[in-house]
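> build me a model from this:
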Amino acid sequence: MMFNRRCFLFALALLSLITSLTSAQLLENPDFEAQSLSPHWLANAKVYQLDHATFRTGQSSLQWANNDPRQYLHARQDIELDPASEYTFEAWIKTQDVKDGYVTIAVEFYAGDRYHSGTYPKGVTGTEDWTHVKTDSFVLPQGVTRAHVMCYARRSTTGKAWFDDLALTEVKSQIMHSALRYPAYRGLITRGQQRDINLRVKLAEHLPADASLNIQLLDHANQVIQSQKNPVKKGINDITIQAATLAAGLYNLQLRLTDDKQNELANMTHRINVVEAWQLPNIMIDEHQRLLVDGKPVMPIGVYDNVNITDDELALLQNSAVNCVLAYGVPNRSLLDRLDAHDLKLIASVKDFFLGHKWTPKNLKHVDDEAKLMRPLVKSLRDHPAMLAWYLNDELPLSYMDRFKAHYQWVIEDDPAHPAFSVLMRPHQIDRYLHTADVLGSDPYPLPHKPIELAGQWTQQTVAQTFNARPVWQVVQAFNWQNYPKVNQNQTGQTPTQTQLRNMIWQCLTNGANGILLYSLYDMQRNPDIDFDTYWPQVTKILAEVQQHSQALLSIQSPPKVTIPSGDNPSLSMRVTRWQDAAYVFVVNTSDKPQTANFQINTPIKSIQELSTEQTLTATDSQHWQDTLKPLDVRMYRITTNP
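This next block holds a predicted model:
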């Protein structure tokens, strides 16, 4: 009897331990065992009802049944999320005769009443037994005020399906993220030009008190060159490592995060590579996050297309401000030769060399095939003069993280002369991708269903999430969503007008982007509401303006301080630079109403010229000027100042 009691107490203690390690269920009625869907689930009875005959566990499930492809209805539950936490959402789904789409789950985020973003895992189609569907881990995006989870079928889908055993759970986020701010690009330092190493470390909210970061710089023989211990706090920590003059060679900067008892919480290693000046690649990223080509700063101005782009299309691009093409499909030397003949460079796509997604090559049948196919391709093209960069990831989720890191490492090893570029669709998670590419970007496509200011908001967030340690090349919408009926939930679309396209591009630039790519040339050729011959001249005019001011935008001269009174005109974004003895102020109005701005500069004004209209403005006094921006207007001021 005593033995049984001890077993019982042990089992109870074990159950308590397991419970303490498992996140609590955050949904109400997640298994649909309550007598009614309401009040927790909002579901239209036309297609949703409780089913007590079919279930995975318990005695009931949620059934969806739809024979009308015009019906597009959701079952949803509003949820409260902690901005400092990370979550996953999952469900089990069974289907019967599901056609013309799939059944799945989703999490959607809203800023007030406006849709902000969401996470949408691929679901189940046809007739399948209970199948597990789960989102990638997600955090609450900045500016979001509410969210809900959904069970639903994609638009136009018919058939029958059941949902059961849903779970919205909080997971502990990675406790430490870090990035080198100097040397930022692949840890490259030119010998003889060393200075202190600058490191930015972001620590999660669940960081214990009295944690510390132990840092060691080790040489190739694993000998400690420099060692220090830093107290750290939750959030951002900027740390300087005093580096002695280093000989040429490879070094490791090892980070070890510990609690007050020296128990390790996390570790990370950054590679430092000290090289001679002649060893620097011709194409690289400098410490100011600018693309350098033959030592000169260049702003990438590009378009998406594919490897079958014609010579006539290349000639069109050559006669514009476009200087690079991101081509979908497997790159080849013939394409590079044709680009070179038109003075264009290639961002070569290797984004498809991942097992298990829509565009995986047919001869990639095992994860080991990724390296077997990708690495020889990189080696075969790396010496071509038309190569600019490698495109590693096009919106793939965090579940591929280990393979992102592997693919990036292959590029570093097989082609040290060209940077790697990735584009993500969740800017609030971009810090997770810092060690998967040299250049990062996001692709806000707001029109016509989201506010146009999303272009600037995503850019600002992307720049912040890179810790200012990666260049940001933004992708701008130049397409009509009607071109993509399978993913266009609203079934309507509109090609951005010339005014809207210019506004979005300059939103990106004024919020920190150092490169612009339009998506896409093939869409511009098929947009249903404006023909290409009309639209392309409008596009080229905008891009020529960007090219005209690219050197001012990329200038690293110290600019004057220009401000707009606090709280005045929140619809305005601004970037201030100095180039060739003048200050440049680029301002964007994202409002559909005129905005009057009062500017103040911290140095006496000599002259002001508004460059887009070629107007000379009169200062209101020695350090102020005023201007009114039309709806969605962009203004560019060149200001000379007195000593």
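
> poorly predicted segments of this structure, please.
1-24, 244, 488-491, 566-568 (pLDDT under 70).

> how's it carved up into domains?
Here the domain parsing of the chain from automatic domain parsing is 22-171, 176-278, 281-553, 557-641.

> mind putting the ones you listed in TSV, mean neighbour count included?
Any C-beta I mention is one placed from the backbone N, CA and C, and that applies to glycine too. What follows is those, written out as TSV (neighbours: other C-beta atoms under 10 Å):
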stretch	mean neighbour count
domain 22-171	17
domain 176-278	16
domain 281-553	19
domain 557-641	16
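
> three-state assignment of I556?
Following DSSP: H, G, I helix; E, B strand; the rest coil, we place I556 in the coil state.

> who's in contact with it?
H288, R290 (C-beta atoms under 8 Å, 6 or more residues apart in numbering).

> what's the separation between it and N602?
To N602, I556 is 19 Å away according to C-beta to C-beta, to the nearest Å.

> surely V330 is in contact with P361?
Yes. Look at V330 against P361 with C-beta atoms under 8 Å: they come within range, at 7.4 Å.

> mutual contacts of those two, please.
Contacts common to V330 and P361, judged by C-beta under 8 Å, 6+ apart, are D352.

> grab the longest strand from this protein for me.
strand 86-111 (DSSP state E).

> what are the pairing partners of the following helix or strand past that one, and which direction each?
Moving toward the C-terminus from strand 86-111, the next helix or strand (DSSP states H and E) is strand 114-119. Its sheet considered, strand 114-119 pairs with strand 86-111 (antiparallel) by DSSP bridges.

> ok, which stretches of the stretch 201-350 of the chain are helices?
311-318, 333-341 (DSSP state H, counting those that start in this stretch).

> in a markdown table: the ones you listed, plus distance to I608.
Shown next, in a markdown table, are these (distance: least, C-beta to C-beta, whole Å):
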| stretch | distance to I608 |
| --- | --- |
| helix 311-318 | 35 |
| helix 333-341 | 41 |
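
> out of the ones you listed, which is closest to V487?
Among those, the nearest to V487 by C-beta to C-beta is helix 311-318 (25.0 Å).

> name the nearest residue to T640, sequence neighbours excluded.
Nearest residue to T640 in three dimensions, chain neighbours excluded: K606, at 4.4 Å (C-beta to C-beta, 6 or more residues apart in numbering).

> residue contacts, that neighbour?
The neighbourhood of K606, defined by C-beta under 8 Å, 6+ apart, consists of I639, T640, T641, N642.

> let's see that with 6 Å instead.
Taking C-beta atoms under 6 Å, 6 or more residues apart in numbering, we find K606 in contact with T640, T641, N642.

> what ranges does this protein have for its helices?
According to DSSP state H, the chain carries its helices in the segments 2-21, 311-318, 333-341, 368-381, 401-414, 454-465, 498-510, 521-524, 532-548, 550-554.

> among the ones you listed, which is nearest A247?
Of all these, helix 401-414 comes closest under C-beta to C-beta, at 21.5 Å.

> chain center to that closest one: distance?
Distance of helix 401-414 from its chain centroid, counting by C-alpha atoms, centre = their mean, to the nearest Å, is 18 Å.

> neighbouring contacts of it?
Contacts of helix 401-414 (C-beta under 6 Å, 6+ apart): R375, V378, K379, W390, L392, N393, A420, T436, A437.

> and N642, how far from P604?
The spacing between N642 and P604, counted by C-beta to C-beta, is 4 Å.

> of the contacts of helix 401-414, which is the nearest to I309?
Taking the contacts of helix 401-414 together and measuring to I309 by C-beta to C-beta, the closest member is W390, at 18.0 Å.

> and the residue nearest to that closest one when sequence neighbours are not counted, what does it touch?
Among residues not flanking W390 along the chain, A420 sits closest, at 4.8 Å (C-beta to C-beta, 6+ apart). By C-beta under 6 Å, 6+ apart, A420 lies in contact with W390, L392, Y408, V411, A437, D438.

> can you put the helices of the chain in TSV and add distance to A167?
Converted to TSV, these look like this (distance: least, C-beta to C-beta, whole Å):
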stretch	distance to A167
helix 2-21	15
helix 311-318	49
helix 333-341	47
helix 368-381	31
helix 401-414	22
helix 454-465	28
helix 498-510	38
helix 521-524	39
helix 532-548	47
helix 550-554	47
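
> so which of those helices is nearest K593?
Of all the helices of the chain, helix 498-510 sits nearest to K593, with 13.5 Å by C-beta to C-beta.

> what's in contact with that closest one?
Helix 498-510 is contacted by residues 455-456, 459, 474, 476, 516, 538, 542, 573-575, 586, 588, 632, 634 when judged by C-beta under 6 Å, 6+ apart.

> and what of stretch 313-327?
Outside stretch 313-327, the residues within contact range by C-beta under 6 Å, 6+ apart are 300-307, 342-347, 388, 391, 517, 540, 543-544, 547.

> what's the first-to-last distance across that stretch?
End-to-end distance for stretch 313-327: 13 Å, by C-alpha to C-alpha, to the nearest Å.

> what of stretch 378-390?
Start and end residues of stretch 378-390 are separated by 9 Å (C-alpha to C-alpha).

> who touches it?
Contacts of stretch 378-390 (C-beta under 6 Å, 6+ apart): 324, 336, 339-340, 345-348, 350, 411, 414-415, 418-421.

> where do the strands sit along the stretch 251-400 of the chain?
Counting by DSSP state E, counting those that start in this stretch, the segments of the stretch 251-400 of the chain that form strands are 264-275, 283-285, 291-293, 296-298, 301-306, 324-328, 345-349, 387-394.

> with the stretch 101-250 of the chain instead?
Secondary structure of the stretch 101-250 of the chain, counting by DSSP E, counting those that start in this stretch: strands at 114-119, 124-134, 138-139, 146-153, 158-171, 176-182, 188-190, 197-203, 212-218, 224-231, 235-241, 249-258.

> where's A544 relative to N319, distance?
11 Å.

> my error: substitute L81 in the last question.
Counting by C-beta to C-beta - L81 and N319 are separated by 50 Å.

> same question for L454.
31 Å.

> cool, L388 as well?
Taking C-beta to C-beta as the measure, L388 falls 19 Å from N319.

> also Q77?
According to C-beta to C-beta, Q77 stands 54 Å off from N319.

> what sits against K561?
Contact analysis of K561 by C-beta under 6 Å, 6+ apart lists N602.

> how far does stretch 500-507 sit from its chain's centre?
Distance, centroid of stretch 500-507 to centroid of chain: 18 Å (C-alpha atoms, centre = their mean).
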